[in-house]
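> predicted model follows, preceded by the sequence.
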Amino acid sequence: MTRTAVTTDKLPAPVGPFSPGASSGAGPLFVSGQVAQDPATGALIDGDVSAQADQALRNLAVILNEAGKSMDDVVRVGVYLTDMADFAPMNEVYSRHFQAPYPARTAVQVSALPLGAAIEFGAVAS
C-alpha cells in the first residue's frame, strides 16, 4: 500500500509530524483534525465555539478541495469539544456545512486541544 499525503499552501503547516490528509490512493481520504487556525497567520482565531467551528470546517473543506473532494464526500466526522455545553452551538454551525444525508458522527469532550482551541473536527471522505 502506498500512502499519499494531501497538503496545501492555503493553510498553515501542521504543528507536528502528520499530513493534513492522507489516503492509500484508491481508498478513503482521512483528514487530520482541524482547529480554527487563521489560514494567513496560523494563530487560533478569536471568537466563541461557533466562530471556531465555522473556521475549522472551512479549513477542513480546503483540504478536501485539495484532494478533489467536497463536504458532500464526507462519510464520517469526529468532533472534539473542550466543553460539551458547546454541543448545540456546534450543531448549528455544523448543519450549515453539511447537508442531509449527514455523515456518521462522533462527538466527545476532551480536556484540551491544540492551540487552546475549543473545538476540533476530523473527517473521512470517500
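Nice, I can see it.
> C-alpha from now on. contacts and neighbour counts both.
OK.
> how many neighbouring residues does Ala36 have?
30 (other CA atoms under 10 Å).
> tell me how far the residue nearest to it when sequence neighbours are not counted lies from Ala26.
Among residues not flanking Ala36 along the chain, Ala56 sits closest, at 4.3 Å (CA to CA, 6 or more residues apart in numbering). Separation of Ala56 from Ala26 (CA to CA, to the nearest Å) stands at 26 Å.
> likewise Val124?
As judged by CA to CA, Val124 and Ala26 stand 13 Å apart.
> neighbour-wise, which of the two wins?
More neighbours surround Val124 than the other of Val124 and Ala26, with 21 against 9 (other CA under 10 Å).
> thought that one was touching Gly33?
No - at 10.5 Å, Val124 does not count as touching Gly33 under the criterion of CA atoms under 8 Å.
> just to be sure, Val15 is in a strand?
No - judged by DSSP: H, G, I helix; E, B strand; the rest coil, Val15 forms no part of a strand; its state is coil.
> that one: neighbour count?
By other CA under 10 Å, the residues close to Val15 number 10.
> how much space separates it from Pro114?
For Val15 relative to Pro114 (CA to CA), the value is 9 Å.
> repeat for Val31
16 Å.
> higher neighbour count, those two?
Regarding Val31 and Pro114, a neighbour count based on other CA under 10 Å identifies Val31 as having more, with 24 against 14.
> give me the low-pLDDT residue ranges for the protein?
Applying pLDDT under 70 to the predicted model, the residue ranges of the chain that meet it are 1.
> in which helix or strand does Ala61 reside?
helix 49-66 (DSSP states H and E).
> who's in contact with that helix?
6-8, 10-11, 20-21, 31, 34-39, 45-46, 70-71, 86, 89-90, 93-94, 97, 117-122 (CA atoms under 8 Å, 6 or more residues apart in numbering).
> swap in 7 Å and give it another go.
The set of residues external to helix 49-66 that reach it, using CA atoms under 7 Å, 6 or more residues apart in numbering, is 6, 8, 20-21, 34-36, 45, 70-71, 86, 89-90, 93, 118-121.
> now the buried members of those residues.
The neighbour-count test (16 or more other CA atoms under 10 Å) applied to the contacts of helix 49-66 identifies 6, 8, 20-21, 34-36, 45, 70-71, 86, 90, 93, 118-121 as buried.
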